[in-house]
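Engineer: Could you look at this predicted model? Sequence included:
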Amino acid sequence: MLTTVVFIIFVALVFDFINGFHDAANSIATVVSTRVLTPLQAVIWAGFFNFIAAFAFGVHVATTVGKGVVETSIVDQWVILAALAGAIVWDLMTWYWGLPTSSSHALIGGLAGAGVAKAGLGSLVVGGLVKIGIFMILAPLLGLVLGFAMMLLTMRTFSAATPGRVDRVFRRGQLVSAAAYSIGHGTNDAQKTMGVITVLLFSTGHLGPEFYVPFWVILAAGAALGLGTTFGGWRIVKTMGMRITKLRPIGGFSAETAGAITLIGTALAGIPVSTTHTISGAIMGVGAVQRFSAVRWGVAGRIVWAWIFTIPASAAIAAAVWLVIRPLAP
């Protein structure tokens, strides 16, 4: 039993690494596309603040993922292994296609699919899934509205400044906004893996009678996400930072600030939202301030379709994996 648990924890940390690798674009696309930092400088910057974030705003999201997707009574190591497999496979597929999908929703879909495969629809925590579903829609809308508002505010504040001065100010400002966004990213995404590892320990009797997130789990998940971000995912950077709309430092600052506000706010509320959806919406909002046609809505449409398919696709993969591995399990 212990060997199996250790192996699944390792798989969970691999998922966290891939999450950082896949979602590196969320943290660095804007600051790279505006040429404020080189790609290497950007991933190191983002990876550091991803790691710091693991200790910044509590573990509310981890608790929601651990207890708010499927009933803890039906969760065992095989459900968690299948869920992780579904999320990892979908993340790697969409990374290969260059699509910035949500690793968070892939993991949630994986948990739901494996849980249903084992115990039917009654295993799902409806209230938790409804909350996640609502913010699946609200997160990109909040990002879009806040990105639009931040861009308008900064443009009006600096309307009398020369373009050169605006560029200099926001090239420095992007260092701060990129750090804030990376903290928001780490606060949300590392906690999903914390939640999965914690529910694994709880369901196998290695945590005791109380559900809580151990410090070593916080440390390991934060480190894995930060390391994955440091390796980066350049295919998605190109989509996020260059194909949706053309960004300047003032736009990059506005998008990152809007994304950071949304992510940190939802993390404090314990709501697992998609960092990908949030920053994509913020970038679209920034682009729409210039003119509606500045946003490449065809690319945005491809991204939205990938978002829609993420939960059902990862759920289907996880269910299939559970059906294969469960008969082989002791």
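Structural biologist: Right, received. Where do you want to start?

Engineer: Do a quick rundown of the helices in the stretch 101-250 of the chain.
Structural biologist: Along the stretch 101-250 of the chain, the stretches classed as helices by DSSP state H, counting those that start in this stretch are 103-119, 126-157, 163-203, 215-231, 234-238, 249-268.

Engineer: chain center to the third one: distance?
Structural biologist: Between the centre of helix 163-203 and the centre of its chain there are 9 Å (C-alpha atoms, centre = their mean, to the nearest Å).

Engineer: Also the first one?
Structural biologist: Using C-alpha atoms, centre = their mean, the mean C-alpha position of helix 103-119 is found 16 Å from that of the whole chain.

Engineer: Need the helices of the stretch 101-250 of the chain in TSV (columns: mean neighbour count, mean pLDDT and distance to Trp78).
Structural biologist: C-beta here means a position set from N, CA and C on the backbone, and glycine is covered the same way. Listed next are those as TSV, based on neighbours: other C-beta atoms under 10 Å; pLDDT from 0 to 100; distance: least, C-beta to C-beta, whole Å:
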stretch	mean neighbour count	mean pLDDT	distance to Trp78
helix 103-119	28	90	8
helix 126-157	18	87	21
helix 163-203	23	84	11
helix 215-231	22	84	20
helix 234-238	19	51	31
helix 249-268	26	87	30
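
Engineer: For the ones you listed, could you give me CSV that also reports distance to Thr30?
Structural biologist: Shown next, in CSV, are the helices of the stretch 101-250 of the chain (distance: least, C-beta to C-beta, whole Å):
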stretch, distance to Thr30
helix 103-119, 19
helix 126-157, 10
helix 163-203, 7
helix 215-231, 14
helix 234-238, 10
helix 249-268, 4
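
Engineer: Which among these is found nearest to Ala56?
Structural biologist: Taking C-beta to C-beta, helix 163-203 is the member of the helices of the stretch 101-250 of the chain nearest to Ala56, at 5.9 Å.

Engineer: how about this protein, which residue sits the furthest from its center?
Structural biologist: Ala160 (37.4 Å; C-alpha atoms, centre = their mean).

Engineer: what's the spacing between that residue and Val166?
Structural biologist: Relative to Val166, Ala160 is positioned 10 Å away (C-beta to C-beta, to the nearest Å).

Engineer: Met284 too?
Structural biologist: Taking C-beta to C-beta, one finds Met284 at 22 Å from Val166.

Engineer: cool, Arg35 as well?
Structural biologist: 15 Å.

Engineer: What of Thr187?
Structural biologist: For Thr187, the distance to Val166 - C-beta to C-beta - is 30 Å.

Engineer: what's near enough to touch Trp90?
Structural biologist: Contact analysis of Trp90 by C-beta atoms under 8 Å, 6 or more residues apart in numbering lists 101, 106, 109-110, 310, 313-314, 317.

Engineer: Please report phi then psi for Val70.
Structural biologist: Dihedral angles of Val70 (phi, psi; degrees, to the nearest 10) stand at phi -130, psi 160.

Engineer: Next, the contact list for the closest residue to it other than its chain neighbours, please.
Structural biologist: With C-beta to C-beta, 6 or more residues apart in numbering as the criterion, Val70 has its nearest non-adjacent residue at 3.5 Å, and that residue is Gly115. Applying C-beta under 8 Å, 6+ apart, we find Gly115 in contact with 69-71, 74-75, 79, 83, 123-124.

Engineer: And the residue nearest to Val169 when sequence neighbours are not counted, how close does it get to Thr204?
Structural biologist: Nearest residue to Val169, sequence neighbours excluded (C-beta to C-beta, 6+ apart): Phe158, at 7.2 Å. Using C-beta to C-beta, Phe158 is found at 56 Å from Thr204.

Engineer: Test my guess that Leu227 contacts Phe48.
Structural biologist: No. With contact defined as C-beta atoms under 8 Å, Leu227 does not reach Phe48; the gap is 10.8 Å.

Engineer: Ser103 against Phe17, yeah?
Structural biologist: No. Contact criterion C-beta under 8 Å: Ser103 and Phe17 do not qualify, at 10.8 Å.

Engineer: Next, count neighbours for Gly66.
Structural biologist: Residues within reach of Gly66, counting by other C-beta atoms under 10 Å, total 28.

Engineer: Repeat that for the one 3 residues further on.
Structural biologist: Other residues near Val69 come to 27 when the count uses other C-beta under 10 Å.

Engineer: Right, I'll call it a day here.
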